[in-house]
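Visitor: coords below, sequence missing:
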C-alpha cells in the first residue's frame with residue numbers, strides 16, 4: 001500500500017496536479033507520523049490494515065467537512081473536500097454492493113450462530129473484522145436486525 005501511494009505521488013508530481021499532490025502528501029505524512037509514534041512506543045511500523053483504517057478515517061473527516069461547508073453555503077470548499085475523498089478512496093478496497101452486503105450478513109449470522117437481536121453486536125463485530133473498510137456498518141446493522149427479527 002505504501003508503494004502504491006508513493007507511486008501515485010510520483011505520478012502526480014510529474015503531472016503537476018496540485019490537488020492530488022497535496023492530498024497524497026497528506027496521506028504520506030499521516031503514515032510517517034503514525035510510524036514515528038509506533039517507533040517511540042516500541043511497536044512495528046504501520047501495516048496495510050492500519051493504513052486502510054487511517055484512510056477510512058480521513059474519508060470520514062472529509063465527508064463531515066463537506067457537509068458542514070454545504071450547510072455554510074461554501075460550495076467550492078465542499079467540492080474540494082469531495083475531490084480529496086475521491087483521491088483517498090482510490091487506495092481503499094471497493095465497498096460491497098447491496099446484494100453482496102446482504103449475502104455477507106446472512107453468512108455471518110449463520111457463522112456466529114445468531115438466534116436473535118441479542119446476538120446483533122457479535123454479528124456486527126464479525127462483519128467489521130471480515131470486511132474492514134468495505135462495508136457501511138450502519139446499513140449492515142439494519143440488514144442484520146431485519147434478518148434476526
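Guide: Everything's here; your move. Everything numeric in this text was worked out from a predicted model, so none of it was measured. Numbering: from 1, shown residues only.
Visitor: quick one: which helix or strand includes the most centrally placed residue in the chain?
Guide: Nearest to the mean C-alpha position of the chain, counting by C-alpha atoms, centre = their mean, stands residue 56 at 2.3 Å. According to DSSP states H and E, residue 56 maps onto helix 48-71.
Visitor: report the buried residues of that helix.
Guide: Neighbour counts using 16 or more other C-beta atoms under 10 Å place 50, 51, 52, 54, 55, 56, 58, 59, 62, 65, 66, 69 of helix 48-71 among the buried residues. The C-beta positions use only the backbone N, C-alpha and C, and glycine is treated the same way.
Visitor: which one of these is nearest to residue 4?
Guide: residue 51 (9.9 Å; C-beta to C-beta).
Visitor: isn't the closest one right up against residue 1?
Guide: Yes. Residue 51 lies in contact with residue 1 (C-beta atoms under 8 Å); the separation is 5.0 Å.
Visitor: who touches both of these two?
Guide: Here residue 51 and residue 1 have residue 91 as joint contacts, going by C-beta atoms under 8 Å, 6 or more residues apart in numbering.
Visitor: phi, psi of the residue nearest to residue 4 when sequence neighbours are not counted?
Guide: Nearest residue to residue 4 in three dimensions, chain neighbours excluded: residue 91, at 6.4 Å (C-beta to C-beta, 6 or more residues apart in numbering). Here is the backbone geometry of residue 91 (degrees, to the nearest 10): phi -100, psi 0.
Visitor: one more: residue 74?
Guide: The phi/psi pair for residue 74 (degrees, to the nearest 10) reads phi -110, psi 70.
Visitor: show the pLDDT at it.
Guide: With respect to pLDDT, residue 74 scores 94.
Visitor: equivalent analysis for residue 23, please.
Guide: At residue 23, the predicted lDDT confidence score is 94.
Visitor: now do the SS call for it.
Guide: Following DSSP: H, G, I helix; E, B strand; the rest coil, residue 23 is assigned to helix.
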